[in-house]
Structures are given as C-alpha cells and as structure tokens.
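In: Predicted structure and sequence below. I'll ask about it afterward.
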Amino acid sequence: RDLHSFPTRRSSDLRLKKAYSVLSQAAQKAISDNGPMSTWTNCVHKSGDDAVQFANKYVIPYLSISKSCELNNDETCKFQYYSLDKTKGFSTSYYTRFYLTDGTLIALAPLIAGEIKYIAVFVDINGAKKPNILGKDIFLFHYNLYYPNILASDKFIPEGINLSREDIINNSQEGCSKQI
C-alpha cells in the first residue's frame, strides 16, 4: 500500500484536537441554550431512537454536519471498531451516527451505568476509512450528565480519564496493547 495513503501521526493529532474542540464547543452552546446536561430529556437509553432524538435536539443543531445517518447501517454509515489488540468492539447499532463537514464520523448514544449517566461519543477522525482501531483513528469521549464522586457533570471528557497509569499501560481493552 502507498505510504502516503495513511494519515501521519501529526495530521491525526490535529484532526482529533479539532474534533474535540468542535464537540466541546457544541456541548457548551447546548448547555447555554438548554440548561445543565443533567436536566436534558432523552438521556436514558431505551432504544436507538433515544440516541437519534437526543442527537437531533442537543448535538446536531450545534454542529456543521454533511450527512446524518441516524441508525442506518449502509456502507458509508456502518460503524464498527476494534481495540488495539484487534478485538472487535461491542455493537454500536443503537448509536446514532453523523458526519461532520470535514469527514469525521461521530457515533453517540445516551447510556447509564449504575448511578453514572453519560453520552458515549465515538469520534472516527477519518470517517469510514480503515483501520477503525481505538486509539489510532477512533477515540471515545463522554458528555458527562451525572458522574458522582469522580468528575464534574456537564463536561466533555476522553474515555479513560479515571484510569490509573498502570491501567492505561497494561489494559489492552481500555489502554495500550504494549508499552512504547
């Protein structure tokens, strides 16, 4: 394969920083218009339709998007990812998906884990192109609605912010596959 067809680490870093900035700003605008995230409706995940309704009310109006896939799984909208150890990621069929105008693919869904309420947001900086590996071209963030005793609510944060250095280095599912 042509070496120039793969994005450089620097261009990947820049695309990730841009996506993070755009999504952070969108969150702040949505909070300004709709109040704290903890008061937003459709924040309890019951179906993919909840993710679509949530995105259409609280996320998409604050972004420049080129295509809304919602729950469509055709070739351009299908979202599948792998961890660094090449393990296939969990199903994201109930995540609503859309493309930013720069080609970044976003997949998100409102979720609850115990007391924690958050919006899981996958950011694929090169859209449907491969490799589709967490930590290479796909990154996971959360809009925190309610995250007791760990982090403040109303924040857009990277996945793993609560992991220790040891977990990041040694956990191939949530951290690195090997130490560099």
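Out: It's in.

In: Run through this protein and note the low-pLDDT ranges.
Out: 1-8, 42-46, 146-153, 171-180 (pLDDT under 70).

In: Which parts of it are helices?
Out: Using DSSP state H, the helices of the chain run over 9-34, 48-58, 165-170.

In: So which of these is nearest residue 124?
Out: helix 9-34 (9.1 Å; Cβ to Cβ). Quick note: C-beta positions are derived from backbone N, CA and C, even for glycine.

In: centre of the chain versus the closest one, how much separation?
Out: Taking Cα atoms, centre = their mean, to the nearest Å, one finds the center of helix 9-34 at 11 Å from the center of the full chain.

In: Now it: buried residues?
Out: 12, 15-16, 19-20, 22-23, 26-27, 30-31 (16 or more other Cβ atoms under 10 Å).

In: again, but for stretch 128-142
Out: 128, 132-134, 136-142.

In: for these, which one is nearest residue 39?
Out: residue 142 (17.5 Å).

In: Which pair of the buried residues of stretch 128-142 spans the longest distance?
Out: Farthest pair in those, by Cβ to Cβ: 128 and 142, 23.0 Å.

In: just to revisit the earlier point, out of the helices of the chain, the one nearest residue 71 is which?
Out: Comparing the helices of the chain under Cβ to Cβ, the one sitting nearest is helix 48-58, at 4.5 Å.

In: orientation of that closest one relative to helix 9-34 in degrees?
Out: 80 degrees (axes from the mean of the first three to the mean of the last three Cα atoms, to 10 degrees).

In: What are the buried residues along helix 48-58?
Out: Result for helix 48-58 [16+ other Cβ under 10 Å]: buried residues 48, 50-52, 54-55, 58.

In: Could you do stretch 67-80 as well?
Out: Going by 16+ other Cβ under 10 Å, stretch 67-80 has these buried residues: 69, 77, 79.

In: And the contacts of it?
Out: Applying Cβ atoms under 8 Å, 6 or more residues apart in numbering, the contact partners of stretch 67-80 are 48-49, 51-52, 60, 88-89, 92-99, 105, 107, 122, 124, 128, 132.

In: CA atoms only for it, dumped as CSV, please.
Out: The C-alpha coordinates for stretch 67-80 follow below in CSV (Å, rounded to 0.1, in the frame of the first residue of the first chain):
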residue,chain,number,x,y,z
LYS,A,67,-24.7,13.7,6.5
SER,A,68,-27.0,12.3,9.2
CYS,A,69,-27.1,8.5,9.2
GLU,A,70,-29.2,8.1,12.3
LEU,A,71,-29.4,4.3,12.7
ASN,A,72,-28.7,3.5,9.1
ASN,A,73,-26.1,0.8,8.6
ASP,A,74,-25.3,1.1,4.9
GLU,A,75,-21.7,1.1,3.9
THR,A,76,-21.0,4.8,4.4
CYS,A,77,-22.8,4.8,7.8
LYS,A,78,-21.8,1.5,9.3
PHE,A,79,-19.7,1.9,12.3
GLN,A,80,-17.5,-1.0,13.6
